[in-house]
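> With the sequence up front, the predicted model follows.
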Amino acid sequence: MSNNLIKDKIANKYAKALFDTSLEKNDIENVDKNLQDLSQMLNDSNELKQITINPLLAKSEKFNCLTEIATRAKYCSTTTNFLKTLVTNNRLFALPNIIEEFETLRIKQSNKVLVSVSSAKILSDKQNKELVNNLEKSLNKEVLIDYKIDPNILGGLSIKLDTYMLDDSLKNKLKHLELAMKGVE
């Protein structure tokens, strides 16, 4: 089994447990804010990233570090206890995946949908509004868009929702044209 698959399985299990616990304790908003803050810290700090992934670092050091972060950032007890559980169970390496999975659960619970959009360049405000409006009409849900800039697609958009993908990129159109010209379709 690959490392990513293992991380994903662990992330699903722990994110679901944290999500259910925070719902039960009516603490979902606080936990969500704490996790977003922690995610930003992980992105900004290589030291913190190393603490989460280094198997040679003692549990006590990881525990003390995360307790200090939680205290200074004034995290709710649900988040703080969850971080301690991750350290105790040697699952801290999966924290970024757990945060991502928690956010996915949060979005699903709020009747919103997360759509990944790739474009060759940043969309204008008008294009963005039009895209959001069209997606919301089609899906009958509020849409949250995760934008990615990918110059390799040359132009157009690539839109991904769960397992569905609409590739209306110039790169894809050129690929189909090339196949048509070769007589392979």
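Ah, there it is. Keep in mind that what you see is a predicted model, and the values were worked out from it rather than measured.
> C-alpha from now on. contacts and neighbour counts both.
Noted.
> you'd agree D168 is in a strand?
Yes: D168 forms part of a strand when assessed by DSSP: H, G, I helix; E, B strand; the rest coil.
> Give me the helices and strands touching the worst-scoring helix or strand of the chain on mean pLDDT, please.
Every helix and strand of the chain was ranked by mean pLDDT, DSSP states H and E. The lowest is strand 164-169, at a mean of 75. Secondary-structure packing of strand 164-169 (3 or more CA pairs under 8 Å, 6 or more residues apart in numbering; DSSP states H and E): strand 156-161.
> And the strand it packs on, what's buried?
Applying a neighbour-count criterion of 16 or more other CA atoms under 10 Å, one finds 156-160 buried in strand 156-161.
> Go ahead and measure how far the helix or strand containing V113 is from the middle of the chain.
Using DSSP states H and E, the element containing V113 is strand 112-119. Computed by CA atoms, centre = their mean, to the nearest Å, the chain-centroid distance of strand 112-119 equals 11 Å.
> just the angle between it and strand 164-169, please?
30 degrees (axes from the mean of the first three to the mean of the last three CA atoms, to 10 degrees).
> List the buried residues of the least confident helix or strand of the chain.
Those would be 167, 169, for strand 164-169 by 16+ other CA under 10 Å.
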